[in-house]
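1. Below are the sequence and a predicted model for it; my questions follow.
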Amino acid sequence: MSVDHYENFPVASWLCPPGLRPPIQAIYWFARTADDLADEGDLPADERLAALAEYRAALQRAFDGDCSGRWAPVFAPLQRMIIAHRLPRQPLEDLLSAFEQDTRNPLYPDRAALLDYCARSANPIGRLLLHLYGVDTPAALAESDAVCTALQLINFWQDLRIDLPRSRHYVPLADARRHGLTPAGLEAEAAAQQASPATRALVRELCAWARQSMLAGAPLVHRLPGRAGWELRLVVQGGLRILDKIAGQNHDSLRRRPTVGAADAPRLLWRALTMTPADAPARRPA
């Protein structure tokens, strides 16, 4: 399956355990469809919110045993996985809350506000995956949140040249102001595709924040069983590699969007293989 559309979905490769592919696909299509409703096309915000409200009602019906309606191709497989894997409702509800927030395109006054958004837009995916993997210790949940938040933050700093021209501001205002920057000024720099020294210093700080979060969550790779743990190693190293590339272009992600490609595979594999083991994980019965 492909995850080239829903950017917050940190899974989907040949390493994914075959038995978990159906529930992961069902969760992915649920998230992708909601993301489309919130973010695609030119509909006014009110209409997008109305569509998301209908979608939320369809989720409620799916948990009640009814998957009919406009989004039956999404909710029919999701309902089967809800039954088969006892999927929790709250992470799915949290995702919808984040998508609803996206339609309002808010400014984030500080890092706490942005972390609150990440807690609903990214962290639920990790928690759903941990549920499928049979891992639910407090340490694993905290590390999963740290990894998912880091992935979301890295995506923000990677996509500044895309988001700013659309007036999507994920840079916390407090951080921008500390560097003498404003949302309008950042938009102007993005239009010119050239970051000022102040903006590069800002991005350097924001990338350090994302790296700290990723490293805090990295021990999770040793808590996940088998192929799931190896997949997460590559996810973690892929995120860190993006941060390396942002640093390699002098933290100017307004000029070029850094990506990870086939040429990075040997480096990622080596880094994944050499990640330091953590303490033996505690795991509940599957």
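-> Looks like it arrived, so ask away.

2. Next one: V203 from C67, what distance?
-> Spatial separation of V203 from C67 under the definition Cβ to Cβ, to the nearest Å is 44 Å. Where C-beta positions appear, they are placed from N, C-alpha and C, glycine not excepted.

3. between those two, which one's more packed in?
-> Here V203 and C67 are set side by side on neighbour count (other Cβ atoms under 10 Å), and the busier one is V203, at 24 against 20.

4. where does the more buried one land in three-state SS?
-> Applying DSSP: H, G, I helix; E, B strand; the rest coil to V203 yields a three-state assignment of helix.

5. where does the closest residue to it other than its chain neighbours land in three-state SS?
-> Here the nearest residue to V203 in space, its sequence neighbours aside, is H251; by Cβ to Cβ, 6 or more residues apart in numbering that works out to 4.1 Å. Secondary structure for H251, judged by three-state DSSP, is coil.

6. quick one: H251 and R200 touch, right?
-> Yes. Using Cβ atoms under 8 Å, H251 and R200 qualify as a contacting pair, with a distance of 4.3 Å.

7. Neighbour count: those two, which is higher?
-> With other Cβ under 10 Å as the criterion, H251 and R200 differ in neighbour count, and H251 comes out ahead with 21 against 17.

8. Quick check, pLDDT for the more buried one.
-> With respect to pLDDT, H251 has a value of 97.

9. What of the one 3 residues further on?
-> The per-residue pLDDT reported for L254 equals 94.

10. residues contacting it?
-> Counting by Cβ atoms under 8 Å, 6 or more residues apart in numbering, L254 makes contact with L160, R161, L164, E189, A190, A192, Q193, Q194, A195, T199.

11. distance of it from L92?
-> The spacing between L254 and L92, counted by Cβ to Cβ, is 35 Å.

12. Count the residues that sit near A191.
-> The tally of other residues near A191 (other Cβ under 10 Å) stands at 12.

13. how about it, what does it touch?
-> P165.

14. in what helix or strand does it lie?
-> Secondary structure assigned from DSSP states H and E places A191 in helix 183-192.

15. Buried residues, that helix. List them.
-> Residues of helix 183-192 classed as buried under the neighbour-count rule (16 or more other Cβ atoms under 10 Å) are L186, E187, E189, A190.

16. And stretch 262-276, by the same measure?
-> Buried, per 16+ other Cβ under 10 Å, within stretch 262-276: D264, L268, R271, A272, M275.

17. How about residues contacting stretch 210-227?
-> By Cβ under 8 Å, 6+ apart, the residues outside stretch 210-227 that reach it are 15-17, 133-135, 137, 139-140, 142-151, 153-154, 157, 229-230, 232-233, 236, 239-240, 243, 275, 277-279, 281, 283.

18. and that stretch, how far out from the chain's middle?
-> Using Cα atoms, centre = their mean, to the nearest Å, the distance from the centre of stretch 210-227 to the centre of the chain it belongs to is 15 Å.
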